[in-house]
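sharing a model that was predicted from the sequence below.
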Amino acid sequence: MLDELGHVAGYRRVHVRLFNGYDSRAKGHEPWPAGGGKPPTQWAISRPAHPFEIREYEVA
């Protein structure tokens, strides 16, 4: 989320499905932070895709 000046003020949380089939919603896990994590969330997809990269996401 951005403040009135356009600076990052917070992060949305997302459910993710990874290329390896892991699905946070199906597992009943809490949504992941969409930024600010350590290590940071990787939104780019390698070619070929790494099994732990995000394939799909849904903003919670």
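Arrived safely, thanks for sending.

would you point out which residue is most central in the protein?
Ala34 (4.5 Å; CA atoms, centre = their mean).

pull the contacting residues for that residue.
Going by CB atoms under 8 Å, 6 or more residues apart in numbering, Ala34 touches 11-14, 41, 57, 59. (Each C-beta comes from the backbone N, C-alpha and C, glycine too.)

for Asn20, same thing?
Contacts of Asn20 (CB under 8 Å, 6+ apart): 51-52.

what's the burial count for Gly59?
Residue 59: Val, not Gly. 9 (other CB atoms under 10 Å).

who does it bridge with?
Val14 (DSSP bridges).

look up the pLDDT of it for me, please.
Looking at Val59, its pLDDT reads 85.

ok, Arg25 next?
Taking Arg25 on its own, its pLDDT is 93.

nearest spatial neighbour of it, skipping sequence neighbours?
Of all residues not flanking Arg25 in the chain, His15 sits nearest, at 4.1 Å (CB to CB, 6 or more residues apart in numbering).

all strands for the chain, in order.
Here the chain has its strands, by DSSP state E, at 13-18, 32-33, 54-59.

tell me the strands beside the least confident helix or strand in the chain by mean pLDDT, with direction?
Ranked by mean pLDDT, DSSP states H and E, the weakest helix or strand in the chain is strand 32-33, scoring a mean of 78. Here strand 32-33 is paired, per DSSP bridges, with strand 13-18 (antiparallel).

in the partner strand, what's buried?
In terms of neighbour count (16 or more other CB atoms under 10 Å), strand 13-18 has its buried residues at 14-18.

so, low pLDDT: which residues of the protein?
1-2, 8-9, 35-43 (pLDDT under 70).

for stretch 50-60, give me every contacting residue.
With CB under 8 Å, 6+ apart, stretch 50-60 has contacts from 12-20, 22, 25, 31, 34, 41-46, 49.

and the gap between His15 and Pro51?
According to CB to CB, to the nearest Å, His15 stands 18 Å off from Pro51.

dump the buried residues of strand 13-18 into TSV; add distance to Glu4 as well.
Compiled in TSV, the buried residues of strand 13-18 are given as follows (distance: CB to CB, whole Å):
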residue	distance to Glu4
Val14	24
His15	29
Val16	29
Arg17	34
Leu18	35
